[in-house]
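Participant: Show me the folded form of this:
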Amino acid sequence: HFEMTTTSTNATPSSSPEFYHSLHVNYIKNLASKIDSPSSYEGAVTEHLRMSGIYWSLTALSLLVPSSQVDELMDLQNSIVDFVFSCYDEESGGFGGNRNQDGHILYTLSALQILALAGSLEDARLVDRRLEILGFVSSLQQPDGSFAGDAWGEVDTRFTYCALSSLSLLGALHVDVDAESETIVDVDAAARYIASCQNFDGGFGCTPGAESHAGQIFTCIGALSIARRLDLVQDVELLTWWLSERQCDSGGLNGRPEKQADVCYSWWILSSLCILGRVEYIKGEKLADFIVKCQDDEDGGIADRPGDMADVFHTFFGIAGLSLIGTLHETKRDADGNEMTSLTIVDDCEEKDDSTGTCRRKYRMIDPVYALPTDVVERLQLKGQIMERKTSSVDRDERLKQYDIL
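Facilitator: Next comes the predicted model:
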């Protein structure tokens with residue numbers, strides 16, 4: 001956790017860009033009632049992925065406020081956890097994106113991430129279904145080591161990441177197999193399939209030979225990190241050069257060459273660079289300026305790019321991006337040597353210093369491998385692997401302290 005000075009809505013703003021803390025908290029808190037309305041267009045078009053929407057909402061809020069406040073604002077321990085279990089598909093053994101939907105590996109991971117945030121991985125309802133969930137995940141692995149998303153067979157590197165992350169959250173990913181270990185899936189085959197998806201330009205695609213894409217690169221690098229097989233990555237400098245080339249003149253990042261910048265790539269690219277030990281390849285201050293320009297300064301939330309409508313997907317990844325580059329956690333000094341925050345946090349907190357009109361707020365960090373707050377990852381003792389650039393002058397990111405170094 002890092003502590004920042006935040007500015008009340010009545011305080012004089014500093015020269016730092018403004019981050020609308022209170023608006024974002026209210027946006028996330030009120031989102032459920034909006035999309036549950038029968039007349040909600042957004043609710044209708046996202047009905048099939050409600051599980052992931054809840055994960056994005058909860059994790060975004062978890063980065064902004066303490067865990068106790070998350071439960072208070074979202075009724076995490078009761079209604080949300082109950083909803084998760086209501087989406088369990090008895091036939092497949094996985095979780096669906098909403099009630100009465102088929103199990104899919106995407107929503108199974110989102111369900112487990114929500115339960116991890118709630119501290120409910122030991123819930124009897126999950127314990128009783130653990131073997132069925134493990135069977136569901138293992139049934140999706142194909143002979144070449146890849147994973148399908150569900151029983152219908154679509155293969156994508158996203159699904160390998162989801163499978164390995166799910167098994168890790170369940171404490172069932174055995175990387176170092178010995179005589180006493182139960183092999184749920186073939187981790188080595190999964191890692192080698194991921195490696196086969198790397199392209200001549202250094203990037204990764206959704207299948208072998210598919211176009212390199214920043215989102216797919218995260219799923220591949222994240223999967224190799226969880227499998228502790230980053231040694232399979234070829235030409236790390238070429239890959240990280242490709243990622244750094246995604247920064248546009250606006251400061252934002254795009255997913256492929258010649259595409260517009262989009263806030264969500266703040267997560268996909270920065271998380272990969274964090275794992276590979278080269279996050280400094282991105283100009284963090286320019287990216288932070290792009291992200292804050294994508295905020296809705298009236299209703300809260302963050303959009304894909306300035307002037308567009310905010311949504312919870314980009315709100316989560318925008319906040320995660322500000323965390324990964326440290327902007328939410330750091331302070332700097334102005335020309336006169338006075339300490340100031342990198343962002344002016346616009347906050348209507350109730351307890352303020354009478355003399356300064358400011359309050360102290362602690363922001364939780366995001367873990368670049370599991371996309372959960374770092375304290376959750378540490379509590380669960382989740383494993384992973386990272387790289388460190390030996391010639392880098394940047395200190396090791398403390399959020400990565402629990403991971404093995406290649």
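
Participant: helix or strand right after the host helix or strand of Cys274?
Facilitator: Mapping Cys274 onto the secondary structure by DSSP states H and E places it in helix 265-275. Per DSSP H and E, helix 265-275 leads on to helix 284-293 as the next helix or strand towards the C-terminus.

Participant: next one: that next one to chain centre, how far?
Facilitator: How far helix 284-293 lies from its chain's middle: 18 Å, per Cα atoms, centre = their mean, to the nearest Å.

Participant: next one: stretch 310-327
Facilitator: 9 Å.

Participant: what does stretch 111-131 give?
Facilitator: The answer for stretch 111-131 is 19 Å, by Cα atoms, centre = their mean.

Participant: Where does the prediction get shaky in the stretch 251-400 of the chain?
Facilitator: Along the stretch 251-400 of the chain, segments meeting pLDDT under 70 span 331-341, 349-361, 391-395.

Participant: those strands in it, which residues are they?
Facilitator: 331-333, 339-341, 344-345, 358-363, 385-386 (DSSP state E, counting those that start in this stretch).

Participant: What's the separation between Trp267 and Phe218?
Facilitator: 7 Å (Cβ to Cβ, to the nearest Å). Glycine gets a C-beta too; all of them are placed from N, C-alpha and C.

Participant: With Ile302 instead?
Facilitator: Look at Ile302 and Phe218: by Cβ to Cβ, they are 19 Å apart.

Participant: higher neighbour count, those two?
Facilitator: Comparing Ile302 with Phe218 by other Cβ atoms under 10 Å, the one with more neighbours is Ile302, at 31 against 27.

Participant: how about Ile366, what does it touch?
Facilitator: Ile366 makes contact with 59, 63, 319-320, 323-324, 372-374, 399 under the criterion Cβ atoms under 8 Å, 6 or more residues apart in numbering.

Participant: May I have the beta-bridge partners of it?
Facilitator: Beta bridges link Ile366 to Pro373, judged by DSSP bridges.

Participant: Please report how far it lies from Ala148.
Facilitator: Remark: distance between Ile366 and Ala148 (Cβ to Cβ) = 28 Å.

Participant: Over to Ser67?
Facilitator: Ser67 is 34 Å from Ala148, by Cβ to Cβ.

Participant: close enough to count as contact, Glu330 and Ser342?
Facilitator: Yes. The criterion here is Cβ atoms under 8 Å, and Glu330 meets it with Ser342 at 5.3 Å.

Participant: which one of the two has more residues nearby?
Facilitator: Between Glu330 and Ser342, Ser342 has the larger neighbour count (other Cβ under 10 Å), namely 21 against 13.

Participant: Not including adjacent chain positions, what is the nearest residue to the more buried one?
Facilitator: Thr327 (4.8 Å; Cβ to Cβ, 6 or more residues apart in numbering).

Participant: Please report phi then psi for the one you found.
Facilitator: Per-residue torsions, Thr327: phi -60, psi -30 (degrees, to the nearest 10).

Participant: for Thr46, same thing?
Facilitator: The phi/psi pair for Thr46 (degrees, to the nearest 10) is phi -110, psi 10.

Participant: residues contacting the residue nearest to Glu42 when sequence neighbours are not counted?
Facilitator: Of all residues not flanking Glu42 in the chain, Ile35 sits nearest, at 5.3 Å (Cβ to Cβ, 6+ apart). The contact partners of Ile35, by Cβ under 8 Å, 6+ apart, come to 42-43, 46, 53.

Participant: pLDDT value on Ile35, please?
Facilitator: We have a pLDDT of 80 for Ile35.

Participant: For Asp296, which residues are in contact?
Facilitator: Asp296 makes contact with 20, 23, 27, 302-303, 309-310, according to Cβ under 8 Å, 6+ apart.

Participant: Give me the below-cutoff pLDDT ranges for the stretch 51-200 of the chain.
Facilitator: Residues of the stretch 51-200 of the chain that meet the criterion pLDDT under 70 lie in 175-183.

Participant: Let's see that with 90 instead.
Facilitator: Applying pLDDT under 90 to the stretch 51-200 of the chain flags the ranges 67-68, 75-78, 174-184.
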